[in-house]
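Q: have a look at this prediction, sequence included:
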Amino acid sequence: MFAWMRAHGEGIGAGLIFFILALLFHWHSVLHPLTSVGSMTDELLLSWTLDWNADYFAHPEGSLFDTPFFAPFPRTLAYTEHVVGLSLIAWPVTRLSDTPLLSYNLLLILSTWLTGWCAWLLTRGLGAGWKGAVIAGIIAALAPTRLLHAPGHVNILSQWWIPLSLYFLHRYLRTHDRRILLFIGASVLGQGLVSPQGFALQLVALAVVCGAFWCAQKEQRKRIFSVIAVVGLALILVSPLLIPYAQTMNDPSVVRPPALRLLHAPSLSEILLPQWAMPFSQLERNVGAGVIPLLLIVCALFTLRRKRDAEENPDARTVTPYLLLALTGILLALGPAMTLVRDGPSLPGLYAALEYLPGFAAIRAVGRFSLLSLLGLAVIVGLRWRSLTAWAGRRAPILQAALCALLLAEFTVTAPRAYSLDPTLLAARPVDEWLKRIPRECLLAEVPFKDFRTTAGVEESARFLYYTRYHGLRIVNGYAGAAPQGYFDLERQLVVGPADRALDGLRRWGADVLVVHPSLFTPLRGQATLAHLRSRADVEEITRFPDSFVFRFRGEGVHDCARAAPAGV
């Protein structure tokens, strides 16, 4: 055992460094793992999904994608990300603790740890020194391009399979050992199990690097065909998780605001801006790597101009594929209409040529392709780390330490902040105990609907979805990147439109039970909604609780949802 540790000591040491950095940068998740959130939206959706998947693994009935939200529409899990791979990793914690938010926070730490470690492995495998590979891992894991997705998007943060698959690709092309193809396939399958969006990014990364070798080294073309075959096999294996997304994208009853891709596409100037110059509300356009990384990449590319340096350093020849990867990521992140400045004149972008390929149209935030640029940038800096500081002579270690400290300082300043959630906000409510006892076929609607696309108060849509953990009913409400046709209109009507029109819409939707929360409306709107419900002949008040009132629709085709034991106040 000790001999193995000595032989792999540098890898273990790097892993320990990135584990400590992951704990430090996610310190709030370490200190408050049961309550740490950045908002009450995506964390609740993904935490709920971890819990849904864990239950499905234990009791596989029906389809994994037929979730209870946005009922009665099918395949609603395909409106968001399935995170099956993350659910498998967190399954023991989710089942034993019955606290999906704990699993979520542990996955946050794990994602940063493994992303940094795998980026180190890739860069070290390409010939970089140990220190240069550590710098590459720090940039890939902690730069704001990636870390600003914490803590809300653990699915986007979990991209460690991409550098790992590239590491095995390079190793296969170098050693010609066909057994490594199994590891390439496993890495592709692993990313496909985690995130469809991450899977698309991984395929682009593999295509760019393989394309670079195809053009530069003709003797590798036969082996690249083998890689393509293995990736195709992995695609077939993961296809059961991808087919529902294809069906959803082609379903006319599902809508996604088409402007979202343009809304989330950064301009070229925004990619170059430091993060502290960008408002946090523009998260998906905060794709710049930071000031220090950009200075490092400029200096690293400048060192390649010296012919002697390129001849003395074999790693100089491995920069080209990752320079292409960085440029490809930038061009795709700029979206279908590239702009130099926000709202300026536009040119057709590279993404416009790819968005018609299967899977690309499902990516609503094209700025996330900048993660590929970040990885390419990190690898180049790691490969050229010695050359960057060689001019300092004996003082090179001091300069390297200073640059590393500046990197960590900038990433610390731009790191997102989390806060501790009031545990009572996610605890079971009195109304949940009552709802748990009514017939399972009843369709529930909690009003008002609230979502960021139409109103303030984004938390409520995600909370109503989360509460299905306790009562188990199907609900009209939902929170995801897409929604059924007419959902957003119904949402507006419930908040600002005529009350009778909104309630007629809910009845046509198929709702049987209404849980009304007057405190979530404006005071006048809340009282007017209650008064209107009580005046309708086709609506009956069943019971009430301190913070909510329960009604049901009456008439033909409506389930008898008043047969629960009385539990109201």
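A: That came through fine. Numbers count the residues shown, from 1 in each chain.
Q: got a pLDDT number for Ile380?
A: Per-residue pLDDT puts Ile380 at 94.
Q: my error: substitute Gln220 in the last question.
A: 89.
Q: and the strands in the stretch 201-350 of the chain, which stretches?
A: Along the stretch 201-350 of the chain, the segments classed as strands by DSSP state E, counting those that start in this stretch run 254-255, 337-339, 346-348.
Q: against which helices or strands is the shortest one packed?
A: So that's strand 254-255. Applying 3 or more Cβ pairs under 8 Å, 6 or more residues apart in numbering; DSSP states H and E, we find strand 254-255 packed against strand 483-484. For glycine as for every other residue, the C-beta is placed from the backbone atoms N, C-alpha and C.
Q: tell me the mean pLDDT for the strand it packs on?
A: For strand 483-484, the per-residue pLDDT averages 88.
Q: now the strands for the protein?
A: With DSSP state E, the ranges of strands along the chain come out as 36-37, 254-255, 337-339, 346-348, 419-420, 443-447, 474-475, 483-484, 513-516, 539-545, 548-553.
Q: list of residues touching the first one?
A: Read that as strand 36-37. 28-29, 43-44, 101, 105, 151, 418-421 (Cβ atoms under 8 Å, 6 or more residues apart in numbering).
Q: partners of that strand, with directions?
A: Strand 36-37 has the following strand partners under DSSP bridges: strand 419-420 (antiparallel).
Q: tell me how far the partner strand lies from the chain's centre.
A: Averaged C-alpha coordinates place strand 419-420 at 20 Å from its chain's average position (Cα atoms, centre = their mean, to the nearest Å).
Q: can you check stretch 408-427 too?
A: 17 Å.
Q: cool, and stretch 50-65?
A: 20 Å.
Q: over to stretch 214-229?
A: Put simply, stretch 214-229 sits 32 Å off its chain's centre (Cα atoms, centre = their mean).
Q: list the buried residues for it?
A: Of the residues in stretch 214-229, 220, 223-224, 227 count as buried by neighbour count, 16 or more other Cβ atoms under 10 Å.
Q: filter the contacts of strand 36-37 to the buried ones?
A: Neighbour-count burial (16+ other Cβ under 10 Å) applied to the contacts of strand 36-37 gives 28-29, 43-44, 101, 105, 151, 418, 421.
Q: report the two of those residues separated the most.
A: Using Cβ to Cβ, the two most remote members of the buried ones among the contacts of strand 36-37 are His28 and Leu44, lying 16.6 Å apart.
Q: circling back: nearest to Ala401, out of the strands of the chain?
A: strand 36-37 (31.5 Å).
Q: now do the buried residues in stretch 23-39.
A: For stretch 23-39, the neighbour count (16+ other Cβ under 10 Å) marks 25-26, 28-30, 32-33, 35-39 as buried.
Q: could these be laid out in CSV, adding pLDDT?
A: Converted to CSV, the buried residues of stretch 23-39 look like this (pLDDT from 0 to 100):
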residue, pLDDT
Phe25, 94
His26, 93
His28, 90
Ser29, 90
Val30, 92
His32, 90
Pro33, 89
Thr35, 86
Ser36, 84
Val37, 82
Gly38, 78
Ser39, 74
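Q: which one of those is nearest Leu426?
A: Of all the buried residues of stretch 23-39, Thr35 has the smallest distance to Leu426: 8.6 Å, by Cβ to Cβ.
Q: so the closest one sits against Pro423, correct?
A: Yes: using Cβ atoms under 8 Å, Thr35 makes contact with Pro423 at a distance of 5.9 Å.
Q: re the thing from before, and the buried residues of stretch 214-229, which is closest to Ala200?
A: Nearest to Ala200 among the buried residues of stretch 214-229, with distances taken as Cβ to Cβ, is Val227, at 17.5 Å.
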